[in-house]
Each structure stands twice: as C-alpha cells, then as structure tokens.
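[1] Below is the structure, and that's it, no one-letter string:
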C-alpha cells in the first residue's frame, strides 16, 4: 500500500497546480517508464538474460536440475482440489473483504474530508 500512501498527497498537489488530468498523465507516464525498465531488466530464464555470467547461469541451471524442476514431468494444476479447499475460500473471502474496505476508503475519504471535515485537500500533502 505504499503506492497509495505516496500517490494520494501527490495527486492533491498535482490537481492543485496543474488540474485533475495531470494526475492521470503523471501516473500513466510513471507506469510506462516502469514497463520499459521491467522489459529491459527482467527475462524469462537465465538463458535469455544478457547480463548474467556463465558461471552464475550454470549454477542456477544446475540447482534447478538438482531440484527436479526442469525434468519435464506433468505439472498440471489441480484446479478442482483448489476449488473444494476451505482454506482457499477463506483467503478469497478475506482478500475480497479487505479490498472492498480499502477501495471504499480510498474513493470516499477525499469527499469525507472535504465535505464533512471541511479540510482543504491541497493541504493534505
């Protein structure tokens, strides 16, 4: 939730100085920058990584072979077992409830602060 902690006050400042569209442009540009950095630095496997040393690549591949994760065995996901699992449903329900409360707070908090508390949102940062 650190993104929310930083983005709420920054959004208030951006709205005050540049108007509400600036929030979407600024965070959209940050998202695009993050995507470019991710695509340059992250690779699917050690074989595809251009900046990994031969020794490191061999070490990683050797450990994967030793653990048996690259043996080609059938690793199908047991979806029915997941669907019938009480702990999985407890996690799903708690995650849904947490998100519901969190996003309700995020969307209603600025209105509450402005209308009920008479708080100037540009001063929140």
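    Cool, got the structure. Computed from a predicted structure; not experimentally measured. Numbering: from 1, shown residues only.

[2] Show me the longest helix that occurs in the chain.
    helix 86-115 (DSSP state H).

[3] tell me what that helix is packed against?
    The helices and strands touching helix 86-115, judged by 3 or more CB pairs under 8 Å, 6 or more residues apart in numbering; DSSP states H and E, number zero. (Each C-beta comes from the backbone N, C-alpha and C, glycine too.)

[4] Can you mark which positions in it are buried?
    residue 110 (16 or more other CB atoms under 10 Å).

[5] and residue 31, how many neighbours?
    10 (other CB atoms under 10 Å).

[6] Now do the SS call for it.
    With DSSP: H, G, I helix; E, B strand; the rest coil as the basis, residue 31 sits in helix.

[7] Residue 13 versus that one, what's the distance?
    Using CB to CB, to the nearest Å, residue 31 is found at 19 Å from residue 13.

[8] swap in residue 102?
    Taking CB to CB, one finds residue 102 at 22 Å from residue 13.

[9] With residue 56 instead?
    43 Å.

[10] What are the boundaries of the helices in the chain?
    Using DSSP H, helices in the chain cover 2-18, 21-41, 54-67, 79-83, 86-115.

[11] how far out from the middle of the chain is the fourth one?
    When distances are taken as CA atoms, centre = their mean, to the nearest Å, helix 79-83 is centred 25 Å away from the chain's centroid.

[12] repeat for the longest one
    Centroid separation between helix 86-115 and its chain, computed with CA atoms, centre = their mean, is 16 Å.

[13] before we move on, what about the third one?
    Averaging C-alpha positions (CA atoms, centre = their mean) puts helix 54-67 29 Å from its chain's average.

[14] Could you do the first one as well?
    Centroid displacement of helix 2-18 relative to its chain, using CA atoms, centre = their mean, is 18 Å.

[15] Okay, angle between that helix and helix 21-41 too, please.
    140 degrees (axes from the mean of the first three to the mean of the last three CA atoms, to 10 degrees).
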